[in-house]
Each structure stands twice: as structure tokens, then as C-alpha cells.
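Engineer: Sequence first, then the predicted structure, then my questions.
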Amino acid sequence: MISSQHMSNTPITTTTGKKVLVSGIKSTGRPHIGNYFGAMKQYVEMQHEYDTRIFIADLHSLTSVQNGSELAQATLDLAIDYIAIGLDPEKVTIFKQSDLPEVTELGWIFNCITTMPYLMRAHSFKDAEAKNKEINVGVFDYPMLMAADILIHNADIVPVGKDQKQHVEFARDTAEKFNRIFRGDGKSCEPENALFKLPDVHIIESVETVPGIDGQKMSKSYNNHIPLFSTDEELKKLVMSIVTDSNGGKPMNVYNMHKLFRDETYLEKLYTKNEGKYKILKEALLEDMIAFIKPLREKREQIAKDPDKVRNILARNGALMREKTHALMYEVRKATGLIV
Ligand code: TYM
């Protein structure tokens, strides 16, 4: 975890008096167990302690999903997933990023105080470039929209996996820069004049990078992922295809995934007893995974029976978020000269 000193006396407070937690996931397909252990589980565990605002990053998804019905379905599905993992829709504000369109306005303002060389340092951009991918402007500008997602709520804490750490640092830099330019003298800003807080990133080290079936970071784009709501048959196929070496010892790729579901004292015994018996160990992992995933999947099936209820939650919360961020956006417009 990175700590930061928060700037005091911001005019924005929450009605609950709780600190604000913000995070989101792209609706680019089914979430996987890397998303779950790296981020989603944290949302559930922290939901009561914070004023928790969890969104579906549908605008960010557009950088890669360019099929209207596919995106709409994936967005609705992710809202259902959020409720299925245990986010309480009465306590947590689950909303769609695009239902708070002011993030694009704020993102634009951030664009104007950010340089191209700065954004070229982003890992996500560098990766895309290294792979010789055709990079759309959305991909390049991604961190600024993400900074807006976080800063529009004046978030205190942002739980994410390690791959998003740099993006949260960009949000902190951007908050600082905005404060300095528009609420300070260009060089610095008195704490009492600061508009934006600097958000803390929250990363749990043991699950900061969950490995996929090939041992690399689990990611949809590497096609090494295990969808969180997989059927038993899908799980079987995926677990049995976890890459193992042939030296007959402890299959680390199996073990590292198994750690997510069982404590290590238990696992050490199991793996010592079954040294070199890859099939038995994979079957043990499969059994533990099914025991964990099946109840989640069944809960999800129930929630999915009433999609309109979920649509209503999204619509209600989108309106709520516009209302709650209105005061801050007013200050942004005033500071930047957009109000005459
Ligand atoms: P996304 O959709 O790629 O991933 C969602 C969350 O899952 C985490 N994650 C992982 N954690 C551990 N191990 C893995 N293998 C793994 N793969 C993914 C990610 O770190 C993330 O926390 N840019 C974000 C979405 C976003 C956002 C935001 C997040 C947009 N605006 C504002 C926080 C705050 C993204 O693409 O996440």
C-alpha cells in the first residue's frame, strides 16, 4: 500500500461521513479469478467501512469492444456479477461509468494539462506499442479518463491489482497538477485551496498479480484466464490445461493458483504427499475451485433472472452519482473559467 498525505479543507464532503472508495472494471467479457482476487474481493470486504462506489468502465471498454450489443450485454452482465459476489446494492453504489458523463468533461480538462511524453510513459501504452498494435487515441488517453473516474469522487482509496498501480499514480499526479495550476500559483497550491485529494492506491500484495494457466499474469488478452463464473466443465478443462514442467517436483503453476483457495499449511502437506503427481494435484485444485465458484454461480443465475431490476439499480445510481459529484464539478468549472 502506498500512503499519502491528504489535502485538507476540500469543500466536498460525503453525507455519510465515511471515506470514499472508488474502483471499476472494464466490461470487455466475463471477469476472471484474477479480477476477483486482485480487486473485486476487496470491494466486498471494504464495502461497509467506506462510501463505496463501484462502476462498470464501459467507456474504457470502448477502446477494445466495438460492437454495440456485445458491449451493452457485457456491461449488464458485469453489474449482475458485482451483486453476485456479494456487493450489497442497497449499500454500495454500483453504476455505469457512462451514466456519469461529467467524467469525460473532467477527462478533457485533464488532457489539457497533461503532456504527450507523460502519457507515453504509461505501461499500457508501452505494451500496446511493443506489440505493434494499432493504438487508438482512447488507449493513449486512457489514464486521463481513469484519473477523472477517481478524482470526480474525491476518492480516498482505490483498490486495484498491481497492473493499475501506475494509473492511480497518474491520478495523484493529475490531482496535484490541477490544484497547482487552477487553485494555486502554478508552482504550488496551499493545502486549504486544494480542490482534489490525492487518492491512495490499495493493493494486497499476496494477490497483486494472480497468475493464469500458463503462469503469466492472468489476463483476457493473454487468453490464460479462468472466468469467475465458469461451469464445472469449463473449470475442469482449464485446470487440466494448467502448464506444468516435467521435472516431477511441485507444480508451481498449480500451487500458485491453489493458494487462492486454501491456506498454505494445508497445501504444503498435500503437495509434499503427492510430489510429482500432477493429475492428483490438479484434481484437488479443481475440487476446491468448484466448491468456491459453484455457490457464486448459482447466486448469479438467480440475479440474472431479473435483468430489469439490475437496470433500475444502474439508472438510479447513475443519477445519484451525478448529484453527488455536482458540487465538485461546479468548483472545477469555476476554477477553469468555464463559468462566466
Ligand atoms: P481491468 O478491467 O483490466 O481489471 C479490473 C481489476 O482487476 C485487476 N486485475 C488483476 N489483479 C490481480 N491479478 C490479475 N491477474 C489481474 N488482472 C486484473 C485490475 O488491477 C483491476 O483492479 N483501468 C481499469 C478500470 C478502471 C478503473 C478506473 C479502476 C477504469 N477507471 C478507476 C479503478 C479506478 C482496468 O482496466 O481494470
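Structural biologist: Happy to help now that I have it.
Engineer: contacts, neighbours, all on C-alpha from now
Structural biologist: OK.
Engineer: which other residues reach stretch 78-98?
Structural biologist: If you take C-alpha atoms under 8 Å, 6 or more residues apart in numbering as the criterion, stretch 78-98 is touched by 27, 30-31, 40-41, 43-44, 47-48, 51-59, 75, 103, 149, 296-297, 299-300, 303-304, 307, 310, 313-315, 317-318.
Engineer: Contacts for the lowest-mean-pLDDT helix or strand in the chain, please.
Structural biologist: Lowest on mean pLDDT, DSSP states H and E among the helices and strands of the chain sits helix 123-130, with a mean of 91. For helix 123-130, contacts defined as C-alpha under 8 Å, 6+ apart pick out 119-120, 134-135, 139-140, 166.
Engineer: In those, find the pair that's most separated.
Structural biologist: Glu134 and Gln166 (22.1 Å; C-alpha to C-alpha).
Engineer: Mind checking which of these two has more residues around it?
Structural biologist: Neighbours were counted for Glu134 and for Gln166 using other C-alpha atoms under 10 Å; Gln166 has more, 16 against 9.
Engineer: How about stretch 262-272, which residues are buried there?
Structural biologist: 267, 271 (16 or more other C-alpha atoms under 10 Å).
Engineer: and that stretch, average pLDDT?
Structural biologist: Averaging pLDDT along stretch 262-272 gives 96.
Engineer: Check stretch 92-105 too.
Structural biologist: Rounded mean pLDDT across stretch 92-105 is 98.
Engineer: ditto for stretch 311-329
Structural biologist: pLDDT averaged over stretch 311-329 gives 98.
Engineer: Residues contacting it, please?
Structural biologist: 11-12, 76, 79, 89, 93-96, 99-100, 102, 106, 152-153, 195.
Engineer: For that stretch, output the C-alpha coordinates as PDB.
Structural biologist: Taking Å, rounded to 0.1, in the frame of the first residue of the first chain, the C-alpha atoms of stretch 311-329 are listed here in PDB:
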ATOM      1  CA  ARG A 311     -31.000  -2.000 -15.000                       C
ATOM      2  CA  ASN A 312     -33.100   0.000 -12.500                       C
ATOM      3  CA  ILE A 313     -30.300  -0.100  -9.900                       C
ATOM      4  CA  LEU A 314     -27.800   1.200 -12.500                       C
ATOM      5  CA  ALA A 315     -30.200   4.000 -13.600                       C
ATOM      6  CA  ARG A 316     -30.900   5.100 -10.100                       C
ATOM      7  CA  ASN A 317     -27.200   5.100  -9.100                       C
ATOM      8  CA  GLY A 318     -26.100   6.900 -12.200                       C
ATOM      9  CA  ALA A 319     -28.500   9.800 -11.300                       C
ATOM     10  CA  LEU A 320     -27.200   9.600  -7.700                       C
ATOM     11  CA  MET A 321     -23.600   9.900  -8.800                       C
ATOM     12  CA  ARG A 322     -24.300  12.900 -10.900                       C
ATOM     13  CA  GLU A 323     -26.000  14.500  -8.000                       C
ATOM     14  CA  LYS A 324     -23.100  13.700  -5.600                       C
ATOM     15  CA  THR A 325     -20.400  14.900  -7.900                       C
ATOM     16  CA  HIS A 326     -22.200  18.100  -9.000                       C
ATOM     17  CA  ALA A 327     -20.700  20.300  -6.300                       C
ATOM     18  CA  LEU A 328     -17.200  19.300  -7.200                       C
ATOM     19  CA  MET A 329     -17.800  19.700 -11.000                       C
END
